[in-house]
Structures are given as C-alpha cells and as structure tokens.
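Colleague: Predicted structure and sequence below. I'll ask about it afterward.
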Amino acid sequence: MLLLIVGVLHALLRVQQAEASPGLLAKLGRVMKEKAAGDYERFFKGTSKTRERLGLVEELLTFWSLEDYEDTLEELEEALITADFGPKTALAIVDGLREELKAGSIKTADDMRAALKRQIVSLLEPASSSSSGGKSSELQLQGQPAVLLIVGVNGAGKTTTIGKLAHRLSKEGARVLLAPGDTFRAAAAEQLAEWARRSGAKMGTFKEGGKPGGVLAAACNDAKQRKDVDVVICDTAGRLHTAYALMEELANCRKSIANVLPKQPCETLLVLDGTTGLNMLNQAREFNDTVPLSGLILTKLDGTARGGAVVSVVDQLKLPVKFIGVGETPEDLQPFDAVNFAEALFPAVQKQ
C-alpha cells in the first residue's frame, strides 16, 4: 500500500513538473533580460575597444556648443561612419539630433550626450515593435518543447554560443537537449557534447555524414516523446551565405523540425561575428531570405572596436539582437539591453 501511494505521488509530481514547464518557459526570456539589465559592468568592460574607437565622438560631445552645432553634426556623422555605424544609420542619428536641437530640447553638452544615447536606443528598440512584425529582443520560448535553430557562417562561434546558452537556460531551471546538426564535423559534435556535460544538458544522437534535417528531426522527436525536455537547441554546420545549395539545406532543416513539431522552431537565431563589422549586413540579409530569422546573436564584441555595427545591423534589418558575447565565460553571453549598450558606448561624464 505504501509503495502504491509513493508511486502515485511520484506520478503526480511528474505531471506537475510537465505542466509547470510552459509557464517557466514563457517568462524565462524576460527573467534573463531583467538580470542582464542590472549587470551594466559586464557591458561596459565588453565594449571597451569600441568605446576607444569612438574617441572622436567623445571629444565632439565634450566640447560641443550650441552656436556652431551644424558643423559639429557634420563631424559627428563622419565620426560615426568611421566607427562602423554605417552611412544610413549615422545619418538617421544625426537627423534625429538635428530635430531635437530645432525643438530646443538640447542646450548643453550633457543634453547632447543624453540625446545621442536616446537616438541610438530608439534605433535598437523598435526592432521589438510593430516595425519588425512584433519580434522581441527577449528570448521567446513557446511550445513543449521549444526549439531554437541556430545558424551562421563558419567561425562565427555557433557551437560555443549554443553551449553558453544551454548553460544559462539550465541555470534558470530549463531542461535542455542539444541537437548536433553539424554532421560534417565530428569535432563539432564532440564540442557540443562537452558543453552538454558542463551545463547538465542532454545530448542528441550524432550521425556523421547523415542528413542534417533528419538528425535534427530525430532529436526533436526524441524530446517530444521523452517529456523531460523543455528546450531543444539545434546546431547547424557553418556555411557561407553565398553557397546556394547549403542555404537550401538550411531551409530543409527548418522544415524537418516543423514536420515533427508544428510551429517550431520558435526562434531562428543568426550568430554573427562582431569583428566583421558592417560585413554582417550582407550575411544577415541572405540568411533572413532563406530561413526567416527571429533575432541575432552577436559574438566577440569584447575583441573588436567595431561594435557600432550592432546599431546599423538592427536599424537596417529590423531584427532584434537577443544576446551579445562580451567575454569567454557562459555569463558573458548577455541578453541584449539597448539602454545599457548605449550607456556603455557613451558613459556619463563624472563631475569633479
């Protein structure tokens, strides 16, 4: 009798856990982002090289005066272009500042600094509004299990990013399975398996030389059947955005996942190497045409002075940045926060 009662209690507990998972997933993206908002120091350290490159902008802000603002705006536009903001985005920022100046809301150097940060945030945040079809900068985990499809070119840091993401999700209580869709490189599966071990995630079956779509579909089906997986993160082989056949294969991977789990993947995220600057734009456009993207993950920002390109990519593509990589540890994969990012690029001047 006692054994029967224990068995029933265990069964009830499993049901409660299964029912609690969707609620956990629905708020997980918001919880992670709220925690990141309080971790400004990590953003600040991770953007130091970009901040150095923006030295001329900093100088223009420091010595700005209302009398010759048109000349200053022209110099500011040139300085932003040099810092990888790109011509269109730099012009949009300067035009916004000009409107604020004409409206009389900018009178001092401090006002100008605050206005510049507002303009940058306004370009970064609309990607989560109606202008991007409702795409949010928060990670949107929907379905049971929720599936994330991670794509990108060779060397962007996909597998490492997947490992760090698995670590962060596991830390928040999600049960994660990693699906090794890069069937061309056994080393990729080995790296993924090591991340699974370190993060406490489950590892899908690897089939070297197998069809990636079939491998990912099998992993999703396994997660669906076993009932103890909340999130499936699908790795894919790196590919040049100009390689038509490989890009078509990526589209087939997405279809294979949807055949097993309708409405999945709930997120298709493109990993971009931050050191490539504005070259990211063409990559993102081509990937977005093949597999409609829901967001971007920008890596290696701590190792580049080209972080200004983040603003241009979001402005041009209307795709939200979900995460940025600002260091080597799993915690350095940070949910993106537009206000923290702008503040890190142009920190407030400390008064003496």
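Modeller: Received the coordinates, thanks.

Colleague: which residues in the stretch 1-150 of the chain form strands?
Modeller: Here the stretch 1-150 of the chain has its strands, by DSSP state E, counting those that start in this stretch, at 146-152.

Colleague: Low-confidence bits of it, can you list those?
Modeller: In the predicted model of the stretch 1-150 of the chain, residues 1-24, 36-38, 126-134 satisfy pLDDT under 70.

Colleague: Spatially nearest residue to M203, not counting backbone neighbours?
Modeller: Distances taken as Cβ to Cβ, 6 or more residues apart in numbering put A196 closest to M203, at 4.2 Å, once the chain neighbours are dropped. All C-beta atoms are positioned from the backbone trio N, CA, C, and that covers glycine.

Colleague: so the one you found is in which element?
Modeller: helix 186-199 (DSSP states H and E).

Colleague: now what about that helix, what contacts it?
Modeller: Under the contact criterion Cβ atoms under 8 Å, 6 or more residues apart in numbering, helix 186-199 has outside partners 159-160, 162-164, 166-167, 170, 176, 178, 180, 182, 201-203, 206, 208, 235, 237, 330.

Colleague: May I have whichever strand or helix holds E286 as PDB, with CA atoms only?
Modeller: E286 is part of helix 280-290 when elements are defined by DSSP H and E. Only the C-alpha atoms of helix 280-290 are listed here, as PDB (Å, rounded to 0.1, in the frame of the first residue of the first chain):
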ATOM      1  CA  MET A 280      27.500  41.300 -41.100                       C
ATOM      2  CA  LEU A 281      24.700  43.100 -43.000                       C
ATOM      3  CA  ASN A 282      25.000  41.000 -46.200                       C
ATOM      4  CA  GLN A 283      25.300  37.800 -44.200                       C
ATOM      5  CA  ALA A 284      22.200  38.600 -42.300                       C
ATOM      6  CA  ARG A 285      20.200  39.600 -45.300                       C
ATOM      7  CA  GLU A 286      20.900  36.300 -47.200                       C
ATOM      8  CA  PHE A 287      20.200  34.100 -44.100                       C
ATOM      9  CA  ASN A 288      17.000  36.000 -43.500                       C
ATOM     10  CA  ASP A 289      15.800  35.400 -47.100                       C
ATOM     11  CA  THR A 290      16.400  31.600 -46.700                       C
END
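
Colleague: The helix or strand following it vs helix 280-290, what angle?
Modeller: Using DSSP H and E, the helix or strand that follows helix 280-290 in sequence is strand 295-299. Angular relation of strand 295-299 and helix 280-290 on a 0 to 180 degree scale: 140 degrees, by axes from the mean of the first three to the mean of the last three Cα atoms, to 10 degrees.

Colleague: hmm, back to that, what's the helix holding E286 packed up against?
Modeller: Other elements packing on helix 280-290 under the criterion 3 or more Cβ pairs under 8 Å, 6 or more residues apart in numbering; DSSP states H and E are strand 146-152, helix 244-260, strand 267-273, helix 309-317.

Colleague: mind checking how far the closest residue in space to L272 that isn't next to it in sequence is from K322?
Modeller: Nearest non-adjacent residue to L272, counting by Cβ to Cβ, 6+ apart: M280, 4.6 Å away. To K322, M280 is 15 Å away according to Cβ to Cβ, to the nearest Å.

Colleague: can you check S136 too?
Modeller: Applying Cβ to Cβ to S136 and K322 gives a distance of 9 Å.

Colleague: what's the answer for T160, then?
Modeller: 16 Å.

Colleague: between the two, which one's more packed in?
Modeller: Ranked by neighbour count (other Cβ atoms under 10 Å), T160 and K322 place K322 first, with 27 against 19.
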